[in-house]
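*Asks:* Just to be clear, the model below is a prediction. Sequence and coordinates:
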Amino acid sequence: MPGTHVNIVTHKNVEAVTEYTVSLPLWQRVPTRTETGERAFDFMIIVRRLNKLEPIKQKSVLDNIYSILSQYSEVILLADLNLKINLLWISHLPRPNLSFEITSSIIDAYPLARLISHRSDCN
């Protein structure tokens with residue numbers, strides 16, 4: 001399964017995506033607590049048909065998503081894009097409405113994206 005996961009953003013360490021790698025399962029990598037002990041919050045976005053796009057278009061969409069996530073680098077703990085299943089997982093610091101704000105920006109950039117799961121106690 002090489003080439004299925006793209007780690008896009010890690011908290012306070014935003015770097016360009018340079019390679020696709022297979023890493024530990026998501027459940028082993030997702031942070032559950034912040035550095036101060038608060039519960040981390042997460043949500044999922046389905047990015048429909050992203051893995052079916054032509055490589056040039058796919059790169060453009062990925063660059064746009066990366067740019068959006070980079071704007072939130074101080075509050076995002078982990079962003080993981082699984083291109084095989086078109087799933088973007090984002091874990092973040094607990095901030096009201098943050099998941100909807102990030103999702104709205106991503107949908108503006110890629111209208112086929114949809115929020116599919118979030119924790120309502122943080123919104």
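*Replies:* Thanks, I have it. The structure presented is a predicted model; accordingly, all values stated were derived computationally and were not measured. Numbers count the residues shown, from 1 in each chain.
*Asks:* Distance from the longest helix along the chain to the middle of the chain?
*Replies:* In the chain, with assignment by DSSP state H, the single longest helix is helix 55-71. Centroid separation for helix 55-71 versus its chain: 11 Å, with CA atoms, centre = their mean, to the nearest Å.
*Asks:* chain center to stretch 24-33: distance?
*Replies:* On CA atoms, centre = their mean, the centre of stretch 24-33 falls 13 Å from the chain's centre.
*Asks:* now it: mean pLDDT?
*Replies:* Stretch 24-33 carries an average pLDDT of 83.
*Asks:* can I get the CA coordinates of that stretch in CSV?
*Replies:* The C-alpha coordinates for stretch 24-33 follow below in CSV (Å, rounded to 0.1, in the frame of the first residue of the first chain):
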residue,chain,number,x,y,z
LEU,A,24,1.5,3.6,11.7
PRO,A,25,-2.3,3.2,11.7
LEU,A,26,-4.1,6.4,12.3
TRP,A,27,-5.5,5.3,15.7
GLN,A,28,-1.8,5.0,16.9
ARG,A,29,-0.9,8.5,15.6
VAL,A,30,-3.8,10.6,16.5
PRO,A,31,-3.2,12.8,19.5
THR,A,32,-5.8,12.4,22.3
ARG,A,33,-4.5,15.3,24.5
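*Asks:* Only the buried residues of it, if you could.
*Replies:* residue 31 (16 or more other CB atoms under 10 Å). Yep, even glycine has a C-beta here, placed from its N, CA and C like the rest.
*Asks:* Name whatever forms a beta bridge with the spatially most central residue of the chain.
*Replies:* Closest to where the C-alpha atoms of the chain average out (CA atoms, centre = their mean) is residue 79, at 3.4 Å. Using DSSP bridges, the bridge partners assigned to residue 79 are residue 9, residue 90.
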